[in-house]
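Enquirer: quick one, what's the 3D model for this:
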Amino acid sequence: MKAIQISAQGQTRILDLPKPRLRAGHVLLKIAYIGFCGSDLNTFRGLNPLAKMPVVPGHEVGAIIEARGEGVPPHLKTGMHVTVNPYTACGKCPACLNGRPNACEFNQTLGVQRDGAMAEYFLAPWVRIIADNSLGVRELALVEPLSVGFHAVSRGGVTDSDSVLVIGCGMIGAGAIVRSSIRGADVIAVDVDDSKLAVARKLGATQTINIKGRDLNTAAYGMSGGRGADVVIEAVGRPETYLASISTAAFTARVVFIGYAKEKVPFDTQFFVK
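Expert: Alright, predicted model coming up:
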């Protein structure tokens, strides 16, 4: 079977690999769609410190069950549309023991610390399979990235009385916009790209801010009635957006950081005096 591998910084190659052999407790998937995540792009650029190269990328999966191994529950049938939970949990670290397996200290994400699913076929443990024939395989490839934004909204406790500022309108920010809108919040979307902001409006943002050449504090406070946002969701991962998240937040607001800042965030105590 064919697979795509990121072999080194800025380099990819097509591999000829053996088709995975079916094992007990596993399902063989025929891959239909794979999303190319920002983390995959950073791996290609040599900017992902977690990636172990060479690596086959791909953790946003839309697939069809090709075959079932021994011990797979009967509700998972061949031909079903599925996606894959791309993370692992050791069950022994503090996060796992505290009921937070999603934050496992020793997690290995598909396409990052171990080979992912950007191939013709992929073998996965049945416990990591999420099946839903009401969705197409293309839609299922969007489940993982959208769920990140959905989770951020849940962690932020967004309600229908909140003003929510979402900084960054990529795929992850889009999930936060959709879920906040569904909860009835007033959503302010922030980006430097007008085309992304146009999509944000279609997804439920009631107001948008293109911060290119503008002061975000002034714009955000103006759109939130001078109070600041009740919830700020940061989906970029840059030091300046980390700081902007705090400066645009109202008193007693909730701030959720999704983006991973690769540079040290400067700390200035005067910054926090309002």
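Enquirer: and stretch 5-22, what's buried?
Expert: The neighbour-count check on stretch 5-22 (16 or more other C-beta atoms under 10 Å) flags 5-6, 20 as buried. No exception for glycine: its C-beta is placed from N, CA and C like everyone else's.
Enquirer: let's have those residues in JSON lines, adding pLDDT.
Expert: Formatted as JSON lines, those follow (pLDDT from 0 to 100):
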{"residue": "5", "pLDDT": "98"}
{"residue": "6", "pLDDT": "97"}
{"residue": "20", "pLDDT": "97"}
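Enquirer: name the nearest residue to the residue nearest the centre of the chain, ignoring sequence neighbours.
Expert: Among the residues of the chain, the one closest to the centroid is residue 145, at 3.7 Å (C-alpha atoms, centre = their mean). Of all residues not flanking residue 145 in the chain, residue 171 sits nearest, at 4.5 Å (C-beta to C-beta, 6 or more residues apart in numbering).
Enquirer: again, but for residue 258
Expert: residue 235 (4.8 Å).
Enquirer: what sits against that neighbour?
Expert: 149, 152, 166-170, 172-173, 176, 258-259 (C-beta atoms under 8 Å, 6 or more residues apart in numbering).
Enquirer: now with 6 Å, please.
Expert: Shown in contact with residue 235 (C-beta atoms under 6 Å, 6 or more residues apart in numbering): 168, 172-173, 258-259.
Enquirer: for residue 164, see how far away residue 40 is.
Expert: Separation of residue 40 from residue 164 (C-beta to C-beta, to the nearest Å): 28 Å.
Enquirer: neighbour-wise, which of the two wins?
Expert: residue 164 (30 against 23; other C-beta atoms under 10 Å).
Enquirer: in the sheet, who's paired with the more buried one?
Expert: Beta-bridge partners recorded for residue 164 (DSSP bridges): residue 187, residue 231.
Enquirer: got any ranges where the stretch 101-250 of the chain has weak pLDDT?
Expert: By pLDDT under 70, the stretch 101-250 of the chain contains no weakly predicted segment.
Enquirer: how about the strands in it?
Expert: Counting by DSSP state E, counting those that start in this stretch, the stretch 101-250 of the chain has strands at residues 121-125, 129-131, 163-167, 186-191, 207-210, 229-234, 249-257.
Enquirer: out of those, flag the one nearest residue 138.
Expert: Between residue 138 and these, the tightest spacing by C-beta to C-beta is seen for strand 129-131, at 15.2 Å.
Enquirer: strand partners of that closest one, parallel vs antiparallel please.
Expert: When DSSP bridges is applied, strand 129-131 pairs with strand 81-84 (antiparallel).
Enquirer: so for the strand it pairs with, mean pLDDT?
Expert: In this model, strand 81-84 has a mean pLDDT of 98.
Enquirer: next, the buried residues of it.
Expert: 81-84.
Enquirer: could I get it in CSV with only the CA atoms?
Expert: As requested, the backbone C-alpha atoms of strand 81-84 are provided in CSV (Å, rounded to 0.1, in the frame of the first residue of the first chain):
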residue,chain,number,x,y,z
HIS,A,81,-18.1,4.9,8.5
VAL,A,82,-15.7,5.7,11.3
THR,A,83,-13.2,8.1,12.7
VAL,A,84,-10.3,7.3,15.2
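Enquirer: following that strand, which helix or strand comes up?
Expert: helix 94-97 (DSSP states H and E).
Enquirer: buried sites along that following helix?
Expert: Neighbour-count burial for helix 94-97 [16+ other C-beta under 10 Å]: 95-96.
Enquirer: got it, and stretch 119-136?
Expert: Residues of stretch 119-136 classed as buried by neighbour count (16+ other C-beta under 10 Å): 119, 121-124, 126, 128-129, 131, 135.
Enquirer: only whichever of the contacts of residue 235 are buried, select them in ChimeraX.
Expert: Buried subset of the contacts of residue 235, written as a ChimeraX selection, criterion 16+ other C-beta under 10 Å:
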select :168,172,173,258,259
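Enquirer: which pair in the contacts of residue 235 spans the largest distance?
Expert: Every pair of these checked by C-beta to C-beta; the farthest is 173 and 259, at 9.0 Å.
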